[in-house]
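In: build the 3D model from these lines:
(chains A and B)
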There are 2 protein chains.
Amino acid sequence: MQDRFLQAAINEAKKGYAEGGIPIGSVLVYQDKIIGRGHNRRVQNGSAILHGEMDAIENAGRLKATVYKESTLYTTLSPCSMCSGTILLYGIPKVIIGENKTFLGEEDLLKSKGVQVKVVNNSECFELMTKFIQEKPELWNEDIGE
Amino acid sequence: MQDRFLQAAINEAKKGYAEGGIPIGSVLVYQDKIIGRGHNRRVQNGSAILHGEMDAIENAGRLKATVYKESTLYTTLSPCSMCSGTILLYGIPKVIIGENKTFLGEEDLLKSKGVQVKVVNNSECFELMTKFIQEKPELWNEDIGE
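Out: Numbers count the residues shown, from 1 in each chain, chains lettered A, B, ... in the order given. Prediction:
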């Protein structure tokens, strides 16, 4: 059975794709509930910092350190150095990643700092990103600073 | 003579303090011009991700990779793991830091990735942060996930 939180992240990614954006979605989960959900908003908001994970964390609002430290972040794609740095800033202890074949982020850095990282190799995440990168390679490169 | 770009970052920090916010400011400089300026907006926007550096980078808008790679980021305070991760994502090659005594960020990580890091030990930056931390320690702890 598909994890319902990963499914919520995928739904965010699909929403982003439907908006003409970069299809990466994320949710922040605390005590078995989604407290923040988001998707990449580079195109939609003209944003350089609202990756999917950043948008989910931003939408969760201002939280006490204790909440982050018992939360799990779900993301459809391996988190880049910005998103990984944010995970480390707030001490989010667990990250569930849809796939890391189209982009491998800072998983090693996260693990070296004690973050539990799980890649689930979800085919829907992989196919959506593969399609998007083929369609808009320049937009994708912009998003990862290349 | 005070570097005019660091001075612009300090002015942003002071603006943040005057707004009741966290007094950290930053500017992104390209070809000897400020292309983005910002300050921490945790209080003002209820934001978990708009540190000074993030706000400056966001306000610079969507940029080509080549622009970041020839830019310098000025910040009044040593950049945390989130802001450092963003510097690395975009390949910003040089970071000028007002002070790192009230908070030491990921300077070692930046250096290990080839970023040129210069700490100028500016007394105005140090005094502003020291005053703020004494006045609002809980707000400061929230901002650094503690």
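
In: what residue lies at the spatial centre of chain A?
Out: By Cα atoms, centre = their mean, chain A has its centre lying nearest to A:T75, at 3.3 Å.

In: after the host helix or strand of it, which helix or strand is next?
Out: If you go by DSSP states H and E, A:T75 is part of strand A:71-77. Moving toward the C-terminus from strand A:71-77, the next helix or strand (DSSP H and E) is helix A:81-90.

In: contacting residues around that next one?
Out: A:49, A:51-54, A:57, A:63, A:65, A:68-69, A:73, A:75, A:79, A:95, A:105-107, A:109-110, A:113, A:115, B:48-49, B:80-86, B:88-89, B:106, B:144-145 (Cβ atoms under 8 Å, 6 or more residues apart in numbering or on different chains). From N, CA and C alone the C-beta is placed, and that goes for glycine too.

In: try stretch A:127-139
Out: Residues contacting stretch A:127-139 (Cβ under 8 Å, 6+ apart): A:10, A:13-14, A:17, A:22-24, A:42-43, A:76-77, A:99, A:102-103, A:140.

In: residue in chain A nearest to chain B?
Out: As assessed by Cβ to the nearest Cβ, chain B sits closest to A:G85 within chain A, at 2.5 Å.

In: so what pLDDT did that residue get?
Out: Looking at A:G85, its pLDDT reads 98.

In: burial of it, as a residue count?
Out: Other residues lying near A:G85 total 28 when counted by other Cβ atoms under 10 Å in any protein chain shown.

In: tell me the residues of chain A that contact chain B?
Out: Within chain A, the positions lying close to chain B (Cβ under 8 Å from any Cβ of the partner chain) are A:42, A:46-49, A:54, A:57-58, A:60-65, A:68, A:80-86, A:88-91, A:106, A:141-142, A:144-146.

In: out of the residues you listed, which end up buried?
Out: A:42, A:47-49, A:54, A:57-58, A:60, A:63, A:68, A:80-86, A:88-91, A:106, A:142, A:144-145 (16 or more other Cβ atoms under 10 Å in any protein chain shown).

In: direction included, what does the strand holding A:T75 pair against?
Out: strand A:25-30 (antiparallel), strand A:94-99 (parallel) (DSSP bridges).

In: between those, which one is closest to B:E124.
Out: strand A:25-30 (36.5 Å; Cβ to Cβ).

In: A:E146 belongs to a strand?
Out: No: counting by DSSP: H, G, I helix; E, B strand; the rest coil, A:E146 is not found in a strand; it is coil.

In: what sits closest to A:C125 if chain neighbours are left out?
Out: A:G98 (3.2 Å; Cβ to Cβ, 6 or more residues apart in numbering or on different chains).

In: and the one you found, what is it in contact with?
Out: A:G98 neighbours (Cβ under 8 Å, 6+ apart): A:6, A:9-10, A:74-77, A:119-120, A:122, A:124-126.

In: quick revisit: could you measure from the nearest residue to the residue of chain A closest to chain B once chain neighbours are set aside over to A:G145?
Out: In this structure, A:G85 finds its nearest non-sequential neighbour in B:G85, 2.5 Å apart by Cβ to Cβ, 6+ apart. Distance, B:G85 to A:G145, by Cβ to Cβ, to the nearest Å: 11 Å.

In: rounded mean pLDDT for the longest helix seen in chain A, please.
Out: For chain A, the helix with the greatest residue count under DSSP state H is helix A:4-18. Averaged across helix A:4-18, pLDDT comes to 98.

In: if we can go back for a sec, let me have the strands paired with strand A:71-77 in JSON lines, adding mean pLDDT and distance to B:K131 as columns.
Out: Output for the strands paired with strand A:71-77, formatted as JSON lines (pLDDT from 0 to 100; distance: least, Cβ to Cβ, whole Å):
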{"stretch": "strand A:25-30", "mean pLDDT": "98", "distance to B:K131": "33"}
{"stretch": "strand A:94-99", "mean pLDDT": "98", "distance to B:K131": "37"}
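
In: out of the ones you listed, nearest to B:G36?
Out: Nearest of the strands paired with strand A:71-77 (Cβ to Cβ): strand A:25-30, 24.6 Å.

In: give me phi/psi at A:G20?
Out: Main-chain torsions, A:G20, degrees, to the nearest 10: phi 90, psi 10.

In: how many other residues sit next to it?
Out: Count around A:G20 with other Cβ under 10 Å applied: 10.
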